[in-house]
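Student: Need coordinates for the following:
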Amino acid sequence: MFYTNMETVHNCFNDATITGDEIIDILAFLQSDESDNPSGINEVVPVDDKKRRRTISNRESAKRSRMKKKKRFEELTEEVNRLNIRNQELKNRLANVVSCGNFISRENNRLKTESVCLEIRLLELYRFLVAMQSPISTSVNYITTLEI
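Tutor: Next up is the predicted model:
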């Protein structure tokens, strides 16, 4: 796509003609301007330097984020372990309370049964005592009381 001196290039915007030599001169001027001007190189380097610094910053930020996430995960894991231990302690305590409650309930039932038996025995003794105090039918009441 290099043009010779004879060819011309038409500009679409203002219909001016540029020869191939003019294009070569413009390109040579632009290339010499870049090589003669060290600030042109310095302008490119800061962009690369900025990109490199941004990349490093992003990596450090991602690393901090991962560390923060890891720390939070470890904290949550510790909390889960602590809560599991607490849960087991509460389960053991509940089992102990239920066991004591069952024991107390059985003891209460036993004492109620014993109370009924003692009331019956007391009633028998009361009848016997009444029978002993009445002189008329002492022997009949005594035999009846013994049969009961």
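Student: Return the list of helices and strands in contact with the helix or strand containing Lys69.
Tutor: Here Lys69 sits within helix 38-133, counting by DSSP states H and E. Applying 3 or more CB pairs under 8 Å, 6 or more residues apart in numbering; DSSP states H and E, we find helix 38-133 packed against helix 20-36, helix 138-147. C-betas here are computed from N, CA, C, even on glycine.
Student: So for Val44, what's the pLDDT?
Tutor: Listed pLDDT for Val44 reads 51.
Student: Might you list the low-confidence residue ranges for the protein?
Tutor: For the chain, the stretches with pLDDT under 70 are 1-16, 32-45, 136-148.
Student: okay, now the domains of it?
Tutor: Domains of the chain are assigned by automatic domain parsing as 1-36, 37-147.
Student: In JSON lines, list the ones you listed along with mean neighbour count.
Tutor: Listed next are these as JSON lines, based on neighbours: other CB atoms under 10 Å:
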{"stretch": "domain 1-36", "mean neighbour count": "10"}
{"stretch": "domain 37-147", "mean neighbour count": "10"}
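Student: Distance of Ala131 relative to Glu119?
Tutor: Remark: distance between Ala131 and Glu119 (CB to CB, to the nearest Å) = 19 Å.
Student: Same check on Arg59?
Tutor: Distance from Arg59 to Glu119, by CB to CB: 88 Å.
Student: what does Phe128 give?
Tutor: From Phe128 to Glu119 the distance is 15 Å (CB to CB).
Student: Ile104 now?
Tutor: 22 Å.
Student: same thing with Asn92?
Tutor: For Asn92, the distance to Glu119 - CB to CB - is 41 Å.
Student: on that earlier part again, how far off centre is the helix holding Lys69?
Tutor: Helix 38-133 has its C-alpha centroid displaced from the chain centroid by 14 Å (CA atoms, centre = their mean, to the nearest Å).
Student: Cool, thanks, signing off.
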